[in-house]
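Curious how this folds, go ahead:
(2 chains)
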Amino acid sequence: MATRVTMPSMGADMTEGTVARWLKKEGEAVKRGDKMAEIETDKTVVEMEAYADGTLLKVLVPEGRKVPVGQLIAWLGQPGEKVPEESGAPAGPLGPAARPAAPPPTSASAPSPVATRLAAASAPMPARPTPPSPPPTPVTEDGDRTKASPIARKLAEEQGIDISKVVGTGPGGRITRDDVLNYKPAPSLPSSSINRPAPKVIAQDIPLTSMRQAIARVTVRSKTEAPHFYVTVAVDMTDTMKFRQHLNEALAESGIKVSVNDMIIKASVNSILKHPKFNTSFAGDKLQGHADINIGIAIALEQGLIVPALLKCQGKSVVELSTMARDLGNRARGKGGTLSQQELTQGTFGISNLGMFDVVSFAAIIVPGQAAILATGTVKKTPVVKGGEIEVADIMHATLSCDHRVADGAEGAVFLTEIKRNLENPALLMV
Amino acid sequence: MAELTIRQAIQRGLEEALQNDPNVFIMGEDIGKYGGAYAVTSGFLEKYGPKRIKDTPISEATFIGAGVGAAAAGLRPVIEIMSISFSLVAFDQIVNMAANLRYMSGGQIKVPMVIRAPTGAGAQLAATHSQSFETWLAEVPGIKCVAPSTPADALGLLRSALSDGNTVIFAEPAQMYGVKGDVPDGRFTVPIGKASVQRSGGDVTLVSYGHGMRVLHSAAEDLAKRGIEAEVVDLRSLSPLDMDTIVASVHKTNRALTLDMARRTGGIMAEVAARLQEAASDWLDGPVARVGAEDVPWPYNRELEQEALPRVEDVLASLKKSYGI
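Predicted coordinates for the structure are as follows:
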């Protein structure tokens, strides 16, 4: 008995997902728990695990195809087992008079349903020999070939336009007549009179990985849906840096080392407990509250940025948070396990820290579904004025990006000041 | 100017010929007493008598052969085939005899005959009565082939056919006998071998003939709602083909779609599309869009028959695929 494999739900708000990559091939053995495919959602890319042992009998949804949650995407079963005749295509309602608007582009030569039905019905005189089904079309790389219609090429030549500079908007990216007619060359810069060879610029196209595509989608969504505003404070970390040094000396034997980021996490958790609004999601008609504080940590991987969350941070000590954060970071980099779907999708507040790059300050983009994200720069020895005297202090700039639908500037300022107060009074971090 | 149906226009052309030329006679199955399967020659027997209005047995090869002989001997026969599907029985007489005699006799023998035949699917006449063999006959050198889609063209083309020195296949869209239109008074003619631009537009050229014109005009209306102005061209004459008119239109629009209400494979529009890419490839903004009927025996079942016939949405989808419009 073959087992259905359907598009999994990776979160309550997920309605559809894309099969980014199949990790198993048809005919390959699969064990329960094996990674079968990479599923891309609006938020992230998650590996889908097999829920049963067997052989991947049939893949119904090709890579790159987006389908609704719950749709059949593959069959698992015993080797050689016949796949039940259940189509993976969406079962759209077809009225009695309805018919497909147009045949799919690749089946132009394949017989239509009518042809097939009639051919089957009139065996002695088949309508037309059924051609073998076409092999799956590979994603073709056109390489250097510029796809342009003949009239577009002709016009470009007449007008002295380099056709390769024109962006094609026709079917399949073909450069059309109108693309050439509407083409405006980029203004050319006045050339330098000094004759020296210009350095060669590497100008190769970089194909988008599925992660890059996901990041592009998520950030555009955030920046278009959530009106961001920004509040910045300078935090005097002098006492906290000292405190951290003492703490780590005391913990030296246990091997635990609390980082500046761990203390920022703790300060954020404390501040959220006091201002729970910053732990909500804008949900159209309400701000949806969350029972747990799940702090998303921006982690830069080689492939791109992910923001997995430390789950249930409320009531955790800074040392516990430190241990959790280290474990999360390791698993994000593929060491000692993988990230759970919850960790990947359930963050409620974000922290992004570029302190290791000698960055003074920056503004981060809010992860969709969260109310705010805190962006912190490096801790730097800085002259400050205290009690009329110039002193050297450990100063860190922190910028809160806030969804204006959730909170206003004054609220953001109050919340950020609370974080600052926590970070400037290390005793609070022990609460 | 008078408003006539295509049926009335053909009747007018035939009666004119019967009245003006004593050599003209009409022959075919059920054209006399019954008045014609599509009532085109209704009342003719009473008016012109059995010598000029001749009912025949079911014997297409024989009565077309007789027509070839009569034409060669100096008469001007007008033969009705009840359905162009039945022309198959007489292909030897049409293709081997009527089309070749003039050439093979070094011009000594002419065959000035008109073969009228209703054509096309859509009326649940099933596989053997619904075909469109004008697209086959258009390929044969030595005969001409026309198919009107308006009453004025029906009369004008029939006059030209009746004065042509060669055999002319006059294919009548069977579902369009009742189509009305203005027909000029006086003796105008429509030259064989000249297409007609029925609607002007600068954005895309839509080409068909006969039944296809109705689909193209609806498609043009839909396109106009989106600001796309289609130029709608009626071939009128399948042989000889007027590529000049089509190419001139494509020079203007840079996009072309051909519609064949006959089976898509090997239809006359396959030839039009091929010639377009030969003659105007530099002017095209994408592949010539082609729509045709399904390559199946015509179904009797109404749903299936309609499914096999091209529709407006097929035209629009094909344009989208070729040109993204």
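
Please, where are all the helices along chain B?
B:6-20, B:44-48, B:60-72, B:91, B:101-104, B:134-137, B:151-162, B:212-225, B:243-253, B:268-280, B:302-308, B:312-323 (DSSP state H).

closest one to chain A among those helices?
Among the helices of chain B, the nearest to chain A by CB to the nearest CB is helix B:312-323 (3.4 Å). Heads up, the C-betas are built off the backbone N, CA and C, glycines and all.

Now for residue B:229, how many residues are close by?
14 (other CB atoms under 10 Å in any protein chain shown).

confidence score at it?
Reported pLDDT at residue B:229 in the predicted model: 97.

In space, what's closest to it - neighbours in sequence excluded?
residue B:201 (3.3 Å; CB to CB, 6 or more residues apart in numbering or on different chains).

Hmm, residue B:255 and that neighbour touching each other?
No. Contact criterion CB atoms under 8 Å: residue B:201 and residue B:255 do not qualify, at 10.4 Å.

Which one's more surrounded, those two?
More crowded of residue B:201 and residue B:255, by other CB under 10 Å: residue B:255, with 28 against 19.

That one and chain A, how far apart?
Distance, residue B:255 to chain A, by CB to the nearest CB, to the nearest Å: 9 Å.

Surely that residue and residue B:285 touch.
Yes. Using CB under 8 Å, residue B:255 is in contact with residue B:285, at 5.5 Å.

Redo the helices of chain B as JSON lines? Include mean pLDDT and distance to chain A.
Listed next are these as JSON lines, based on pLDDT from 0 to 100; distance: least, CB to the nearest CB, whole Å:
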{"stretch": "helix B:6-20", "mean pLDDT": "98", "distance to chain A": "29"}
{"stretch": "helix B:44-48", "mean pLDDT": "97", "distance to chain A": "39"}
{"stretch": "helix B:60-72", "mean pLDDT": "98", "distance to chain A": "22"}
{"stretch": "helix B:91", "mean pLDDT": "97", "distance to chain A": "19"}
{"stretch": "helix B:101-104", "mean pLDDT": "97", "distance to chain A": "34"}
{"stretch": "helix B:134-137", "mean pLDDT": "97", "distance to chain A": "17"}
{"stretch": "helix B:151-162", "mean pLDDT": "98", "distance to chain A": "31"}
{"stretch": "helix B:212-225", "mean pLDDT": "98", "distance to chain A": "13"}
{"stretch": "helix B:243-253", "mean pLDDT": "97", "distance to chain A": "9"}
{"stretch": "helix B:268-280", "mean pLDDT": "96", "distance to chain A": "9"}
{"stretch": "helix B:302-308", "mean pLDDT": "96", "distance to chain A": "5"}
{"stretch": "helix B:312-323", "mean pLDDT": "97", "distance to chain A": "3"}
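
looking at these, which is closest to residue A:351?
Closest to residue A:351 of the helices of chain B, according to CB to CB: helix B:312-323, at 47.5 Å.

Run the angle between that closest one and helix B:212-225 for me.
With axes from the mean of the first three to the mean of the last three CA atoms, to 10 degrees defining the directions, helix B:312-323 sits at 60 degrees from helix B:212-225.

sorry, back to before: so what's in contact with residue B:255 and residue B:285 at the same time?
Residues touching both residue B:255 and residue B:285 (CB atoms under 8 Å, 6 or more residues apart in numbering or on different chains): residue B:323.

Okay, angle between the top strand by length along chain B and helix B:243-253 too, please.
Scanning chain B for the longest strand, with DSSP state E as the assignment, gives strand B:256-263. Orientation of strand B:256-263 against helix B:243-253 (the same axes, to 10 degrees) gives an angle of 130 degrees.

in strand B:256-263, what counts as buried?
By neighbour count on 16 or more other CB atoms under 10 Å in any protein chain shown, the buried set for strand B:256-263 is B:256, B:257, B:258, B:259, B:260, B:261, B:262, B:263.

Mind pulling up the pLDDT for the third one?
Put plainly, it is residue B:258. With respect to pLDDT, residue B:258 scores 98.

tell me, how many neighbours does the closest residue to it other than its chain neighbours end up with?
Spatial nearest neighbour of residue B:258, excluding adjacent residues (CB to CB, 6+ apart): residue B:269 at 3.8 Å. With neighbours defined by other CB under 10 Å, the count for residue B:269 comes to 27.

thought residue B:269 was touching residue B:216?
No. Using CB under 8 Å, residue B:269 and residue B:216 do not qualify as a contacting pair, with a distance of 11.6 Å.

hey, what's in contact with both of those two?
Common neighbours of residue B:269 and residue B:216 (CB under 8 Å, 6+ apart) are B:207, B:208, B:259.

As a markdown table, the residues you listed with distance to chain A would be great.
Listed next are the shared contacts of residue B:269 and residue B:216 as a markdown table, based on distance: CB to the nearest CB, whole Å:
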| residue | distance to chain A |
| --- | --- |
| B:207 | 18 |
| B:208 | 18 |
| B:259 | 14 |
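
And the closest residue to residue A:147 other than its chain neighbours, its phi and psi?
Of all residues not flanking residue A:147 in the chain, residue A:174 sits nearest, at 4.7 Å (CB to CB, 6+ apart). Reported as degrees, to the nearest 10, the phi and psi values for residue A:174 are phi -60, psi 140.

my guess is residue A:174 contacts residue A:146, does it?
No. With contact taken as CB under 8 Å, residue A:174 and residue A:146 are classed as non-touching, separated by 9.4 Å.

For the stretch 251-400 of chain A, which residue gets nearest to chain B?
Residue nearest to chain B within the stretch 251-400 of chain A (CB to the nearest CB): residue A:368, separated by 31.7 Å.

isn't that residue right next to residue A:44, touching?
No. Contact criterion CB under 8 Å: residue A:368 and residue A:44 do not qualify, at 10.9 Å.

Contact partners for residue B:74?
Residues in contact with residue B:74 (CB under 8 Å, 6+ apart) are residue B:23.

The longest strand along chain A - contacts with which helices or strands?
Longest strand in chain A, counting residues (DSSP E): strand A:389-403. In terms of contacts (3 or more CB pairs under 8 Å, 6 or more residues apart in numbering or on different chains; DSSP states H and E), strand A:389-403 is packed against strand A:228-236, helix A:238-251, strand A:372-376, strand A:380-386, helix A:409-424.

Break chain A into its domains for me.
Following automatic domain parsing, one gets these domains for chain A: A:3-77, A:221-429.

Turn those into a markdown table, including mean neighbour count.
A markdown table is the format used below for the domains of chain A (neighbours: other CB atoms under 10 Å in any protein chain shown):
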| stretch | mean neighbour count |
| --- | --- |
| domain A:3-77 | 18 |
| domain A:221-429 | 18 |
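
Lowest mean pLDDT across these, which one is that?
domain A:3-77 (a mean of 86).

from the chain's centre, how far out does stretch B:318-325 sit?
Put simply, stretch B:318-325 sits 28 Å off its chain's centre (CA atoms, centre = their mean, to the nearest Å).

Check stretch B:30-44 too.
Centre-to-centre, stretch B:30-44 and its host chain are 20 Å apart (CA atoms, centre = their mean).

now the end-to-end length of it.
Using CA to CA, to the nearest Å, one end of stretch B:30-44 lies 12 Å from the other.

Which residues are in contact with the closest residue to residue A:362 other than its chain neighbours?
Of all residues not flanking residue A:362 in the chain, residue A:375 sits nearest, at 5.2 Å (CB to CB, 6+ apart). By CB under 8 Å, 6+ apart, the contact set of residue A:375 is A:352, A:353, A:354, A:361, A:362, A:363, A:364, A:398, A:399, A:400, A:401.

C-alpha coordinates for the longest strand of chain A, CSV please?
Output of strand A:389-403 as CSV, limited to C-alpha atoms (Å, rounded to 0.1, in the frame of the first residue of the first chain):
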residue,chain,number,x,y,z
GLU,A,389,34.4,65.0,33.5
ILE,A,390,35.5,63.2,30.3
GLU,A,391,35.8,59.5,30.9
VAL,A,392,36.4,56.5,28.8
ALA,A,393,33.4,54.2,28.6
ASP,A,394,32.4,51.0,26.7
ILE,A,395,29.7,52.4,24.4
MET,A,396,27.4,50.3,22.2
HIS,A,397,24.8,51.7,19.9
ALA,A,398,21.5,49.9,19.6
THR,A,399,18.9,50.6,17.0
LEU,A,400,15.3,49.3,17.3
SER,A,401,13.4,48.8,14.1
CYS,A,402,9.8,48.8,14.9
ASP,A,403,6.6,48.1,13.0
